Each structure stands twice: as C-alpha cells, then as structure tokens.
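A.B. asks: got a predicted model here, sequence first, then my questions.
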Amino acid sequence: MSRIYNYQSGLASQINAFIDEKRALGCKYEKETKSFWELDKFLVSQDIITPVLPETVVLKWIERRPNEKRKNQRWRLNFTKRFAHYLRLNGYEAYYPQISISSRDDADFAPYIFTNTELAALMNYFENLPPSRQYPNGHIVFPLLFKTLMCCGLRAGEAAQLRVKDVDLGRGVLMIRTAKHDKPRYVPLSVSLWAEYEQYFQKLHTASTDEDYFFPNARRNFHHTNVIYDRFREALWHCGIEHKGRGYGPRVHDLRHTFAVRCMQKLQKEKGDIVTALPYLSVYLGHHNIGKTQVYLRLAAEYYPEFLQNESNYLGDTIPTWEVPNENN
C-alpha cells in the first residue's frame with residue numbers, strides 16, 4: 001500500500017491535485033509523492049503559506065547539495081519543472097527554471113563489473129548463512145534471491161516483489177509485474193536455476209497462496225530494497241570486496257550491470273553479430289528503449305578488450321575508444 005503524506009505548505013492543495021491528475025492518467029507516482037513531501041517541508045521552512053512558487057525559493061531548492069550526485073539533482077530539477085508547468089497552466093504564480101542538466105553530466109557514474117571469483121565468493125557467503133531466530137527462513141531466502149539478481153539481471157525491487165503466482169514452475173519462467181516504466185515482462189530461468197526454484201518452493205511455499213511473496217521477510221511481507229542493500233554490504237565485507245561508500249559501489253544494481261555485460265560477451269562469442277541480438281537483450285532486461293541497452297556495448301568493450309577487437313570492423317565507431325587520462329595532468 002502506498003504511503004499517504006500530509007502536505008502542509010501553501011501549495012498543499014495543488015500538490016494533491018497534481019498527484020491525482022497524474023494517477024488518473026495511469027502513472028503510479030510513488031517516488032514523486034515522497035519528493036513532494038520533501039519539497040513541501042522545504043516550502044514550509046521558506047514560509048510559503050500561499051499558492052505561489054517564487055524564483056528565489058525554486059533556485060534554492062534545485063541547487064546542488066554537498067556530495068550530491070548529479071543525477072539526483074537532475075531528478076529534483078525535472079520534477080520541479082513539471083510541477084511549475086502545472087501550476088502556471090492552472091493560473092498560479094510559479095517560477096519555471098530554464099536550466100537543464102544532461103545525463104552526460106553524470107561523470108560520477110562508474111558501474112562495478114564483478115569477476116567470476118567475486119560472484120562465486122558472494123554466492124558462497126549467502127549459501128552458508130546460519131539460521132537466525134529473528135528470521136528463521138533467511139538462510140533459505142537470501143541465497144536464491146541474490147542468485148536471481150546475479151543470474152537473471154533483475155532489479156532488486158523486481159525480485160523482492162515477486163509473488164508465488166509470478167513464478168511459473170511448470171515452464172521455468174518469471175513474470176515481472178512491478179517493473180520500471182510499467183513494462184511487465186517474462187524472464188526465463190536457466191535449467192539449473194529452475195531446479196533450485198523448485199526445491200525452494202517445496203521448502204517454503206507448499207502451503208502458500210498465489211498472493212504470498214516468493215521471497216518473504218520474517219513478517220511474510222516483501223523485502224525493502226534497503227534491507228537487500230544492507231545484506232549485500234555485509235556480503236561484500238565478508239568477501240573482502242572493497243566498498244567505496246554509499247552511492248559509489250559496488251552497488252546491488254551492479255549485479256545487473258555485470259549480468260548485462262556478461263550477456264554481451266556471451267552473445268558475441270556465440271552469435272558473432274551482437275547488433276541483431278541487442279533488441280532481445282533490451283526486452284529481457286526491461287529497458288524503456290534500446291538506447292539504454294547500448295550503454296553495455298561500451299562497458300563490454302571496457303572490461304573485455306577482445307570484444308572491441310572482434311566487433312570493431314562491423315560496428316565502426318559505435319563502440320568508442322579512449323585513452324586513460326594522465327594522472328599528472
């Protein structure tokens with residue numbers, strides 16, 4: 001169930017109306033409700049008691065914060081633009097910022113691609129978790145949950161919110177319903193992973209209903225992504241894999257990046273022509289468009305130089321080359 005926020009600023013009614021309009025158009029608007037709650041608190045701190053959005057307040061709200069990632073500032077900027085546009089269309093005084101932040105400005109984004117040795121160490125850690133009195137099934141749930149992230153390239157939230165009805169053990173297929181951009185999709189399991197799913201089901205779900213979560217927490221609810229992240233951090237520490245701080249990785253999402261890059265490498269070896277296979281990988285990963293998948297061409301070339309050599313004649317300049325910058329410059 002979605003959390004309900006009680007907005008208090010002079011724009012509270014307009015915020016609620018804007019959210020209602022978006023949801024009426026079919027948008028989930030979950031993350032945005034929390035963003036509005038943060039904006040609303042900021043507006044209260046700025047003494048906004050009437051339905052106006054002044055320039056000075058907007059500029060202060062969208063300025064980059066200490067140690068903030070560029071993509072987070074871009075999200076806040078674009079979110080504010082949409083709301084300001086709505087206010088102006090409905091006759092309210094609102095400043096619309098003309099600045100923009102390109103995704104190319106996210107220079108701090110550096111996916112971490114795990115090695116086979118690191119992946120094996122992580123799985124060994126999860127498969128040897130001791131039983132816990134607080135979470136009796138944790139040592140059963142977490143190994144398969146994290147193996148699913150590694151072997152299927154799912155987003156953490158997609159795996160966490162799988163229900164029993166979403167797992168077709170007859171065909172070895174997962175139905176991803178709570179997908180990004182509302183793009184549900186089917187994800188087939190490998191033969192070995194399929195077998196593990198069947199064994200897991202016999203241990204945990206013989207008495208479950210279709211609506212029960214497939215990877216339940218101690219209260220039979222789904223695991224919040226923060227919990228998955230915390231368990232992942234513990235695994236990194238036990239495996240001796242350095243973590244550079246929250247937001248800098250390795251991140252849980254880097255398991256998905258690793259999966260995609262490995263798929264690129266495997267497709268190149270088996271098919272030779274990676275370009276024709278790219279749309280299939282895009283659909284499998286649940287990308288909004290193929291441009292998101294093409295990013296992995298660069299990553300595959302970076303982590304597997306032979307990939308670049310094998311594809312260069314066919315792809316031309318599609319995969320860029322670069323030199324490591326001189327650290328003395």
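C.D. replies: Thanks, I have the structure now. Numbering: from 1, shown residues only.
A.B. asks: which residues of the stretch 1-150 of the chain fall in strands?
C.D. replies: Here the stretch 1-150 of the chain has its strands, by DSSP state E, counting those that start in this stretch, at 52-53, 93-94.
A.B. asks: and residue 131, which of those is closest to it?
C.D. replies: Nearest to residue 131, of all the strands of the stretch 1-150 of the chain, is strand 52-53, at 53.9 Å by C-beta to C-beta. Backbone N, C-alpha and C define where each C-beta goes, glycine included.
A.B. asks: can you list the strands that that closest one pairs with?
C.D. replies: Strands that pair with strand 52-53, judged by DSSP bridges, come out as strand 93-94 (parallel).
A.B. asks: most tightly packed of the strands of the stretch 1-150 of the chain?
C.D. replies: Counting by mean count of other C-beta atoms under 10 Å, strand 52-53 has the highest mean neighbour count of the strands of the stretch 1-150 of the chain, with a mean of 19.
A.B. asks: now residue 174: which helix or strand?
C.D. replies: Assessed by DSSP states H and E, residue 174 sits inside strand 173-176.
A.B. asks: export that strand to CSV, keeping only CA atoms.
C.D. replies: Taking C-alpha atoms only, strand 173-176 is exported to CSV below (Å, rounded to 0.1, in the frame of the first residue of the first chain):
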residue,chain,number,x,y,z
VAL,A,173,9.5,-18.5,-16.2
LEU,A,174,9.2,-15.5,-14.0
MET,A,175,6.5,-12.9,-14.6
ILE,A,176,7.9,-9.4,-13.7
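A.B. asks: what does it rub up against?
C.D. replies: By C-beta atoms under 8 Å, 6 or more residues apart in numbering, the residues outside strand 173-176 that reach it are 152, 154, 158, 162, 165-168, 184-189, 286.
A.B. asks: kindly recompute the last result at 7 Å.
C.D. replies: Around strand 173-176, the neighbours that count as contacts under C-beta atoms under 7 Å, 6 or more residues apart in numbering are 154, 158, 162, 166-168, 184-189, 286.
A.B. asks: what subset of those is buried?
C.D. replies: Buried residues within the contacts of strand 173-176, counting neighbours by 16 or more other C-beta atoms under 10 Å: 154, 158, 162, 166, 167, 187, 189, 286.
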